[in-house]
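A.B. asks: Return atomic coordinates for the entry below.
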Amino acid sequence: MEIQSVALLGAGAVGSYVIWGLAQKSGLRFGVIAEGARAEKLRQGCVINDTVYHPPVWTPQQAHGVDLLIVALKYGALPGALDTIQTVVGENTTVMSLMNGVDSEEIIGARVGAEHLLPALIKVASRRTEDGVRFDPATTLGIIYGELNAPFDSARVGAVERLFAGTGVNLRVTEHIREEMWCKFRLNVCNNLPQAILGAGIGCYRDSEHMEAIRSGLRNELEAIAAAKGIDMSKVDASTVHGSPAAASARFSTLQDLEAGRHTEIDMFSGALMRMGHELGIPTPYNDYTYHMIKALEEKNDGRFTYDGSEPLCWSK
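C.D. replies: Predicted coordinates:
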């Protein structure tokens, strides 16, 4: 089994890492899926680490039947992209989702069949700037993937490994992909969310006992839910549960979204934990508060709380 064609759905901060690695790979048919205004914008080029890339832009129909489909969307875009994914996936297409969270594979698999999914995650500290997307290849941990069940050295696992060989993309196969995904989920919930509410760099966790207390509360709820679902994160080597090195001033994706006026992926983080906690009978007060606070910050960005003094009086109670 060899991968000779790859389609990418989602050319943002995460997708840019894939473009950087595969756009110039010899002998590979590679393209980015987009339509309408998004397609026109992509045809103008993607600036990644100061280099302009012009990957072919395909319609879903043109991408149909590719050997590998990589999904790198924002969580809120996934429901609207399921028809596109279904159009692209052929009988022998493997799908890898590099989306945050722990349920995108389940959502995609429900539409195209779970047998097409090769579970994966990505650890890349990409950031958008006025000059495009930037990341440090040397410190990027990259893509971690593997089969949920034996045989863990399947033909498609080997094919993906050969695909990325020599591209600069860091890659690691694991026999504990579910646990790896939950470890990344824990990093996102605990590191992404509190700093987004505070509006400060990640150094706040080191420098404030109060921020560390909030982070610990979120972590304890997540780990209780994971344990109830039979997910043993201790199976993952301690050296793999950390993200890439980052400056104290670093702003992760949720804070980047809020500062740019975009909606966040909070439904995939605390929103998902609230739903799971409700199903399992596990209280999630830290995640409940975090979810509603970030939703309120989104409403603030949307102008919902822009008052000019002409509104009816409010009564304090």
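
A.B. asks: For the rest of this, base every contact and every neighbour count on C-alpha atoms.
C.D. replies: OK.

A.B. asks: Just the buried residues of the host helix or strand of residue 254, please?
C.D. replies: Assessed by DSSP states H and E, residue 254 sits inside helix 253-259. Residues of helix 253-259 classed as buried under the neighbour-count rule (16 or more other Cα atoms under 10 Å) are 253-258.

A.B. asks: which helices and strands does it pack with?
C.D. replies: Applying 3 or more Cα pairs under 8 Å, 6 or more residues apart in numbering; DSSP states H and E, we find helix 253-259 packed against helix 193-198, helix 285-301.

A.B. asks: Count the residues that sit near residue 2.
C.D. replies: Residue 2 has 12 neighbouring residues, counting by other Cα atoms under 10 Å.

A.B. asks: how about the strands in this protein?
C.D. replies: Taking DSSP state E as the test, the strands found in the chain are 5-9, 29-33, 46-48, 51-53, 57-58, 68-71, 94-97, 120-123, 127-129, 132-134, 142-145, 171-173.

A.B. asks: among those, which gets the worst mean confidence?
C.D. replies: Between the strands of the chain, the lowest average pLDDT goes to strand 127-129, which shows a mean of 80.

A.B. asks: For that strand, which strands pair with it and how are they oriented?
C.D. replies: With DSSP bridges as the test, strand 127-129 is paired with strand 132-134 (antiparallel).

A.B. asks: pLDDT averaged over the helix holding residue 254 - what is it?
C.D. replies: Here the average pLDDT along helix 253-259 is 93.

A.B. asks: residues in contact with that helix?
C.D. replies: With Cα atoms under 8 Å, 6 or more residues apart in numbering as the contact definition, helix 253-259 has outside contacts at 192-193, 195-197, 199, 263-266, 297-298, 301.

A.B. asks: Give the ChimeraX command for selecting the buried subset of these.
C.D. replies: Selecting only the buried entries of these in ChimeraX, with 16+ other Cα under 10 Å as the criterion:
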select :192,193,195,196,263,264,265,266,297,298,301
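
A.B. asks: of the contacts of helix 253-259, closest to residue 316?
C.D. replies: Using Cα to Cα, residue 297 comes nearest to residue 316 of those, at 21.4 Å.

A.B. asks: Might you report the residue contacts of the closest one?
C.D. replies: Under the contact definition (Cα under 8 Å, 6+ apart), the residues listed for residue 297 are 197, 258.

A.B. asks: quick one: it from residue 77, how far?
C.D. replies: Separation of residue 297 from residue 77 (Cα to Cα, to the nearest Å): 20 Å.

A.B. asks: and if you look at residue 171?
C.D. replies: Taking Cα to Cα, one finds residue 171 at 26 Å from residue 77.

A.B. asks: So those two - more neighbours on which side?
C.D. replies: Higher neighbour count among residue 171 and residue 77: residue 171, with 15 against 12, using other Cα under 10 Å.

A.B. asks: Apart from its neighbours in sequence, what residue is nearest the more buried one?
C.D. replies: Distance criterion Cα to Cα, 6 or more residues apart in numbering; nearest residue to residue 171, sequence neighbours excluded, is residue 143 at 4.8 Å.

A.B. asks: What number of residues are in the vicinity of that neighbour?
C.D. replies: Counted with other Cα under 10 Å, residue 143 comes out at 19.

A.B. asks: which of the residues in the longest helix along the chain are buried?
C.D. replies: In the chain, taking DSSP state H as the definition, the longest helix is helix 209-228. Using 16+ other Cα under 10 Å as the burial criterion, the residues of helix 209-228 that qualify are 211-212, 214-215, 217-219, 221-226.

A.B. asks: For the spatially closest residue to residue 89 that is not a sequence neighbour, report the pLDDT, please.
C.D. replies: Nearest residue to residue 89, sequence neighbours excluded (Cα to Cα, 6+ apart): residue 65, at 5.5 Å. Looking at residue 65, its pLDDT is 98.

A.B. asks: Now for residue 65: which residues touch it?
C.D. replies: 88-93.

A.B. asks: Highest neighbour count among these?
C.D. replies: Counting neighbours by other Cα under 10 Å, residue 88 leads the contacts of residue 65 with 25 neighbours.

A.B. asks: The closest residue to that one other than its chain neighbours: neighbour count?
C.D. replies: Leaving aside its sequence neighbours, residue 88 sits nearest to residue 64 (Cα to Cα, 6+ apart; 4.0 Å). Taking other Cα under 10 Å as the neighbour definition, residue 64 ends up with a count of 20.
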